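In: No letters, just coordinates:
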């Protein structure tokens, strides 16, 4: 029953994200609203990690399976995508390099930061 309760919490947060997406006239997907709500609830302490830990771990473990339908859809639409394939390849390459560069710079900045700097708990 505990797992059902944890899954219900996640579904309710997803439902709230859907409602926000419907109510707020911005081109932001409902899943983004949901993940932001979950983040805020966890940061404020309104929701404890322990309250959703088991189901969250399970969902993360099966995440690769969730990409199978999208992959099959791409394969079925390959004929339509073929003319734009070079553009998609360039966009993918550029965005991947940009993400790698920004992630590397952010990681270096965190590593170079002196211990205790900006840390309120020390």
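Out: Looks like it came in fine. Small disclaimer: the values here were computed from a predicted structure and weren't measured.

In: separation between residue 46 and residue 11?
Out: Applying C-beta to C-beta, to the nearest Å, the value for residue 46 to residue 11 is 17 Å. (Glycine included, C-beta is placed from N, CA and C.)

In: ok, the two, which is more surrounded?
Out: Legend: neighbour count by other C-beta atoms under 10 Å for residue 46 and residue 11, higher for residue 11 (12 against 9).

In: what helix or strand is that one on?
Out: If you go by DSSP states H and E, residue 11 is part of helix 2-23.

In: Contacts for the following helix or strand past that helix, please.
Out: Counting by DSSP H and E, the next helix or strand C-terminal to helix 2-23 is helix 30-44. Helix 30-44 has contacts (C-beta atoms under 8 Å, 6 or more residues apart in numbering) with 10, 13-14, 16-18, 20-22, 24, 46-49.

In: which of these are buried?
Out: 10, 13-14, 16-17, 20-21, 47 (16 or more other C-beta atoms under 10 Å).

In: okay if I get those as TSV plus distance to residue 114 and pLDDT?
Out: Below are those laid out as TSV (distance: C-beta to C-beta, whole Å; pLDDT from 0 to 100):
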residue	distance to residue 114	pLDDT
10	38	96
13	37	97
14	40	96
16	40	97
17	38	96
20	40	96
21	42	95
47	33	95
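
In: Now compare those and name the two farthest from each other.
Out: 21 and 47 (20.2 Å; C-beta to C-beta).

In: so what's residue 2 up against?
Out: Contacts for residue 2 (C-beta under 8 Å, 6+ apart) come out as residue 54.

In: And the pLDDT at residue 57?
Out: Listed pLDDT for residue 57 reads 94.
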